[in-house]
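> below is the sequence, then the predicted model.
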Protein chains: 2
Amino acid sequence: MLLSSRQQAILKALIEDYILTAEPVGSRVLAKKFDFGLSPATLRNEMADLEDEGLLRQPHTSAGRIPSDAGYRIFVDVLMERVGDFPKEDLGILERFTFDENDLYEILQHTAKITAVLAQCTAIVRAPQQQSARLKFVQVLPLSAQEALVVVVTDRGGTLNRRVVLPTPMGEGEMATLTNFLNFHLRNQPLNGLTAQLVGAMCEELSEYASVLEALLAKIMAPAPTQDRVFVANASFLAEQPEFGELNKIRSLLSLLERESALANVMSQAGSTETEIARVLIGREIPLADLHECSVVTAPYSIGHQVFGEVGVMGPTRLGYPRAIAAVETMAQHLTRTLSRLFGYPGA
Amino acid sequence: MLLSSRQQAILKALIEDYILTAEPVGSRVLAKKFDFGLSPATLRNEMADLEDEGLLRQPHTSAGRIPSDAGYRIFVDVLMERVGDFPKEDLGILERFTFDENDLYEILQHTAKITAVLAQCTAIVRAPQQQSARLKFVQVLPLSAQEALVVVVTDRGGTLNRRVVLPTPMGEGEMATLTNFLNFHLRNQPLNGLTAQLVGAMCEELSEYASVLEALLAKIMAPAPTQDRVFVANASFLAEQPEFGELNKIRSLLSLLERESALANVMSQAGSTETEIARVLIGREIPLADLHECSVVTAPYSIGHQVFGEVGVMGPTRLGYPRAIAAVETMAQHLTRTLSRLFGYPGA
DNA sequence: TATTAGCACTCGCCCACTCTGAGTGCTAAA
DNA sequence: TTTAGCACTCAGAGTGGGCGAGTGCTAATA
């Protein structure tokens, strides 16, 4: 199953042509477009061999060849030329977004959009549930004597703002005291780890404010969205692809894109373990029947050395892999940098 | 152009059948399904009259009739029976979402999802740009000696959290002073109304903190997303509709759903002036060619007596109008209540 | 031995054609 | 005013032939 360098060249050319045209590639066009110095007949023989190896297949007898999943795999692993950096005008898009101003989810949504533009296909960004996030900082702000705003900052970049109706009126000084008390006890605690026991202990310690504390802690512990959040951009790209010309396929893909948990699953399973390095899943390698004709490319991003989520793109197996990989890695890096700058507190 | 009550009954029955089946309705099925006590021949005559009035049309000679935009218009304005309340199990969905815990955008996203379930079609929720929002409250929190978190609460329910690198280190006491100073000057100011002049005056007044103030104010004024934000749910519903069986139509609709500004336009123009009252736009009434085969139903929601955005649904002109209207109005009410509770400060 | 030209063969696609059935409009009778 | 009957229309499904792209095989060639 070792390919001669000529076979490699043919396979590479054929795949690149098919990625561009979406048309099965015949021996004649292959000979004409690429200068192998070989006749169509010779190419036919080589192509037949490649088909025997399982790297190409024919949609039907009188059609040209298209790559199989295995063919794409070799293309991605061995044959393909990685693209270097994106041209300036593309990266200019990055600058147009002032990430600094926005909150985590807006940043991720923007990232998805930019990734879609760079990779020229559908983009997906996953942010994991904030369940196990740890509290970095909490502050109780007076809105009125009866109401307070609780601001919680987590080590995952999340900021929760929650409104609490106070059981008893309180002054600003009391709230400041409470803030100090809460920070002392809760800093570095996981949000979902605030057990009834801990709450009880705290209420006991500051028994005069027990009822207020209980109200506050209830809000702080209140579960963030229990699901992973997933941001999709340029979904309509999928509808443009000729391989999804059948209505059923489009429909199943569209509805999949709306099932966030399924998407999150794919993303987290597809992600490589190495941060900011792309991993490619091709066709049936994806453990989800709806995506057996698709490929996904994902790269994890991180905050403070901990993988935080993935930037990914998705398209038919006939995907512009070099571009997709570059886009996904570039954006994962960018995201890691941005998030670390914004949320990576020195003490973390 | 006055319709006899018999014509009205026929028109109503025909539209209701068409909404259910998506098949052109012929005289035979009409006679069979509904008990008019009339023969198909008589119905044919009436249907021909209704067609002359422009309320029905034939896709082709040998097909049944389908409603025209004008026909739907009469159906919606006159004929249709409004649905009362949703059954308990449907409204149960509402309760499952604990709106209280989430921030504005999450609430709106949830609202879109629930609306889609209730109306059984694609849902859209618009939140207008926060440009003209007024500052209700600002607080500077110390993250470290070098960094602060600025929390801005607006009268539109938005909470902005922005990280500021301080030009000079500051203690907590100083930050508290700054917070007081900022609140005194900025309360009730529109965020986009912080002119250079005002900034200058403030810096002059507190000249010792001029550089810090400038950094803080730059962050506070930094534009929120300049576009309206739009939340879409159940987009795949559109792909399921037989009237969008052609790929081109699906594609144009999908790409439209991704152009937030265009959507926001439609929503804001379609919105009625009366809050929580649905307005229906049918087919070519929508000033956007891509939607000439669609209908949208929208109802504005508000915070503190000011219209804030719209809850809407969208589908083919063959839309379940009664359900759609009820869903949209229910959710607009719910949203108004929720947002007023969460963000409608007494002082507003 | 590797390559190439030639040729018969396969098969999807397109087009024209027919047939069928649903639904109509019109006319004449009830 | 309503209805039965009938001729007519037309989309859609099904059929069959021609076209063309592309193949595999064989025999000739370098």
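That came through, no problem. Numbers count the residues shown, from 1 in each chain, chains lettered A, B, ... in the order given.

> residue ranges of the helices in chain A, please?
A:5-21, A:27-33, A:40-52, A:69-74, A:88-96, A:104-119, A:172-186, A:196-205, A:210-221, A:236-240, A:247-258, A:260-270, A:321-343 (DSSP state H).

> out of these, flag the one nearest residue A:80.
helix A:321-343 (5.6 Å; CB to CB). Glycine gets a C-beta too; all of them are placed from N, C-alpha and C.

> for that closest one, buried residues please.
Using 16 or more other CB atoms under 10 Å in any protein chain shown as the test for burial, helix A:321-343 gives A:321-332, A:334-336, A:338-340, A:342-343.

> how about it and chain B, touching?
Yes. Helix A:321-343 comes into contact with chain B (CB under 8 Å from any CB of the partner chain), by way of residue A:342.

> again with stretch A:166-173
No. Figure legend: stretch A:166-173 not in contact with chain B (CB under 8 Å from any CB); closest approach 9.6 Å.

> still on that earlier bit, now render the helices of chain A as JSON lines, adding mean pLDDT and distance to residue A:315.
Formatted as JSON lines, the helices of chain A follow (pLDDT from 0 to 100; distance: least, CB to CB, whole Å):
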{"stretch": "helix A:5-21", "mean pLDDT": "95", "distance to residue A:315": "10"}
{"stretch": "helix A:27-33", "mean pLDDT": "93", "distance to residue A:315": "23"}
{"stretch": "helix A:40-52", "mean pLDDT": "95", "distance to residue A:315": "23"}
{"stretch": "helix A:69-74", "mean pLDDT": "97", "distance to residue A:315": "12"}
{"stretch": "helix A:88-96", "mean pLDDT": "72", "distance to residue A:315": "18"}
{"stretch": "helix A:104-119", "mean pLDDT": "90", "distance to residue A:315": "8"}
{"stretch": "helix A:172-186", "mean pLDDT": "85", "distance to residue A:315": "44"}
{"stretch": "helix A:196-205", "mean pLDDT": "82", "distance to residue A:315": "48"}
{"stretch": "helix A:210-221", "mean pLDDT": "82", "distance to residue A:315": "41"}
{"stretch": "helix A:236-240", "mean pLDDT": "94", "distance to residue A:315": "7"}
{"stretch": "helix A:247-258", "mean pLDDT": "93", "distance to residue A:315": "10"}
{"stretch": "helix A:260-270", "mean pLDDT": "92", "distance to residue A:315": "14"}
{"stretch": "helix A:321-343", "mean pLDDT": "89", "distance to residue A:315": "7"}
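
> can you tell me which residue of the stretch 101-250 of chain A sits closest to chain B?
residue A:236 (3.9 Å; CB to the nearest CB).

> right, and that residue touches residue B:251 too?
Yes. Applying CB atoms under 8 Å, one finds residue A:236 in contact with residue B:251, separated by 6.4 Å.

> pick out whichever of those two has more residues nearby.
The neighbour count for residue A:236 versus residue B:251, taken as other CB atoms under 10 Å in any protein chain shown, is higher for residue A:236 (20 against 17).

> now residue A:269. Nearest residue, chain neighbours left out?
residue A:287 (6.6 Å; CB to CB, 6 or more residues apart in numbering or on different chains).

> just checking, that neighbour touches residue A:268?
No. Counting by CB under 8 Å, residue A:287 does not reach residue A:268; the two are 11.6 Å apart.

> hmm, what's the outermost residue in chain A?
The C-alpha centroid of chain A is most remote from residue A:208, which lies 47.1 Å away (CA atoms, centre = their mean).

> so how far is residue A:172 from it?
17 Å (CB to CB, to the nearest Å).

> and if you look at residue A:162?
Distance from residue A:162 to residue A:172, by CB to CB: 18 Å.

> return the residues of chain A in contact with DNA strand D.
A:23-24, A:26-29, A:40-41, A:44, A:47-48, A:51, A:58, A:61-65 (CB under 7 Å from any atom of the strand).

> are any of those buried, and which?
A:24, A:26-27, A:29, A:44, A:47, A:64-65.

> need these in TSV with distance to chain B, can you?
Output for those, formatted as TSV (distance: CB to the nearest CB, whole Å):
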residue	distance to chain B
A:24	20
A:26	26
A:27	31
A:29	26
A:44	34
A:47	31
A:64	24
A:65	26
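
> out of these, what pair is the most spread apart?
Between any two of these (CB to CB), the greatest distance is 13.6 Å, for A:24 and A:44.

> if we can go back for a sec, could the helices of chain A go into CSV alongside distance to residue B:148?
Formatted as CSV, the helices of chain A follow (distance: least, CB to CB, whole Å):
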stretch, distance to residue B:148
helix A:5-21, 50
helix A:27-33, 61
helix A:40-52, 62
helix A:69-74, 50
helix A:88-96, 25
helix A:104-119, 18
helix A:172-186, 15
helix A:196-205, 27
helix A:210-221, 22
helix A:236-240, 41
helix A:247-258, 39
helix A:260-270, 34
helix A:321-343, 13
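
> get me the contact residues on chain A for DNA strand C.
Going by CB under 7 Å from any atom of the strand, the residues of chain A near DNA strand C are A:37-39, A:41-42, A:45, A:59-63.

> same thing but 10 Å
With CB under 10 Å from any atom of the strand as the criterion, chain A meets DNA strand C at residues A:4, A:6, A:24, A:27, A:31, A:36-46, A:58-63.

> thought residue A:12 was touching residue A:74?
No. Counting by CB under 8 Å, residue A:12 stays clear of residue A:74, with 9.0 Å between them.

> what's the neighbour count on the closest residue to DNA strand C within the stretch 101-250 of chain A?
Proximity to DNA strand C, evaluated over the stretch 101-250 of chain A using CB to the nearest atom of the strand, is greatest for residue A:245 at 10.2 Å. Close neighbours of residue A:245, defined as other CB under 10 Å, add up to 11.

> wait, it sits on residue B:247?
Yes. Using CB under 8 Å, residue A:245 makes contact with residue B:247 at a distance of 6.5 Å.

> how about the contacts made by residue A:309?
Listed by CB atoms under 8 Å, 6 or more residues apart in numbering or on different chains, the contact set of residue A:309 reads A:108, A:125-128, A:267, A:300-301.

> closest to residue B:311 among those residues?
Nearest to residue B:311 among those is residue A:108, at 24.8 Å by CB to CB.

> tell me who's in contact with that closest one.
The neighbourhood of residue A:108, defined by CB under 8 Å, 6+ apart, consists of A:125, A:127, A:229, A:231, A:309, A:335.

> residue A:258 now?
By CB under 8 Å, 6+ apart, residue A:258 lies in contact with B:233-236.

> also near chain A: which of these, exactly?
Within the contacts of residue A:258, those near chain A by CB under 8 Å from any CB are B:233-236.

> save the residues you listed as CSV, and put in distance to residue A:117 too.
Converted to CSV, the ones next to chain A among the contacts of residue A:258 look like this (distance: CB to CB, whole Å):
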residue, distance to residue A:117
B:233, 24
B:234, 26
B:235, 20
B:236, 23
